[in-house]
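# Predicted model and sequence below, questions to follow.
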Amino acid sequence: MLNLVLFGPPGAGKGTQSEKLIAKFQLVHLSTGDLLRSQIAAGTELGMRAKTLMDEGVLVPDEVVIGMIDSKLNENQSAPGFIFDGFPRTVPQAEALDALLATYNEQITTMIALIVEEEELTHRLLNRGKSSGRPDDQNEDLIRRRVNEYNQKTTPVAGYYSGQGKYAAIDGVGEIDEIFETICQKIADAQSS
Ligand code: AMP
């Protein structure tokens, strides 16, 4: 199986690159942000609780997102692999993911980190907010809070994977297709190591 963690702050291009990776490798896309937004749209209790936190730009509790990933892995046991997008966002989530994959005798192949500096992120997210209608993309203070949350709680996840020799950083600014080619090269390197 090819199991990728696509890593980077909000607005780094994870969603865009995920689409291209899915088309090439037929991976199942597991975006915890998308899963949470569908819970909100369906009006579930979990969705309502998550919405309050998402509207504040802070992370939802680890056990909520781990539970969602657990059931999606279970539902897709014959998949050729997974792309984890926006997950894991904390070290306990990364540890839980390793433990879940181990129950299927699987593991993460590599983490691909898209590096983009904060001013560019804010600019991209405000633009995305105009067309996506996502409430958390339409307010500069909220965007900064999400990037802050990322810097404090999520950046240590890169160290977790680099400690396992599974970390590849890529410049996330440039042509979408060129970034994609670099990602594919890093995947090939990880598969041959
Ligand atoms: P995203 O679509 O990945 O930018 O996520 C939108 C929001 O959903 C985040 O600001 C968090 O509030 C929440 N969220 C998404 N994924 C996670 C996660 N893995 N852990 C905690 N909160 C998450």
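Received it, and whenever you're ready, just let me know what you need. Residues are numbered from 1 along each chain as shown.

# only C-alpha atoms for contact and neighbour calcs from this point on.
Noted.

# From the ligand, how far off is Gly129?
Distance, Gly129 to the ligand, using C-alpha to the nearest ligand atom, to the nearest Å: 12 Å.

# swap in Ile40?
Distance from Ile40 to the ligand, by C-alpha to the nearest ligand atom: 11 Å.

# Look up the closest residue to that residue, ignoring the ones flanking it.
Of all residues beyond its chain neighbours, the one nearest Ile40 is Gly47 (4.1 Å), with distances taken as C-alpha to C-alpha, 6 or more residues apart in numbering.

# Would you check that that neighbour makes contact with Leu35?
No - look at Gly47 against Leu35 with C-alpha atoms under 8 Å: they stay out of range, at 9.3 Å.

# Ignoring the adjacent residues along the chain, who's closest to Asn139?
In space, Asn139 is closest to Leu126, 7.3 Å off (C-alpha to C-alpha, 6+ apart).

# Run a quick neighbour tally on the one you found.
Leu126 is flanked by 19 other residues according to other C-alpha atoms under 10 Å.

# Who are the contact partners of it?
Counting by C-alpha atoms under 8 Å, 6 or more residues apart in numbering, Leu126 touches 137-140.

# Most neighbours among the residues you listed, which one?
Counting by other C-alpha under 10 Å, top hit in the contacts of Leu126: Asp137 with 25 neighbours.

# what's next to the lengthiest helix in the chain, contact-wise?
Looking across the chain with DSSP state H, the single longest helix is helix 176-192. Contact with helix 176-192 is made by 17, 20-21, 109-110, 112, 166, 168, 170-173, as judged by C-alpha under 8 Å, 6+ apart.

# run the last query once more with 10 Å
2-4, 6, 13, 16-18, 20-21, 24, 109-114, 165-173, 193 (C-alpha atoms under 10 Å, 6 or more residues apart in numbering).

# Also stretch 131-138?
Outside stretch 131-138, the residues touching it (C-alpha under 10 Å, 6+ apart) are 10-11, 37, 54-57, 122, 124-130, 142-143, 146.

# can you tell if it touches the ligand?
No - Stretch 131-138 lies out of reach of the ligand by C-alpha under 6 Å from any ligand atom, never closer than 7.5 Å.

# Please save the CA atoms from that stretch in PDB.
Extracted as PDB, the C-alpha positions of stretch 131-138 are listed here (Å, rounded to 0.1, in the frame of the first residue of the first chain):
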ATOM      1  CA  SER A 131     -15.200  31.200  -4.000                       C
ATOM      2  CA  SER A 132     -15.400  28.400  -1.500                       C
ATOM      3  CA  GLY A 133     -17.700  30.100   1.000                       C
ATOM      4  CA  ARG A 134     -15.800  28.500   3.800                       C
ATOM      5  CA  PRO A 135     -16.500  30.800   6.800                       C
ATOM      6  CA  ASP A 136     -13.000  30.100   8.300                       C
ATOM      7  CA  ASP A 137     -11.300  31.400   5.100                       C
ATOM      8  CA  GLN A 138     -13.100  34.800   5.100                       C
END
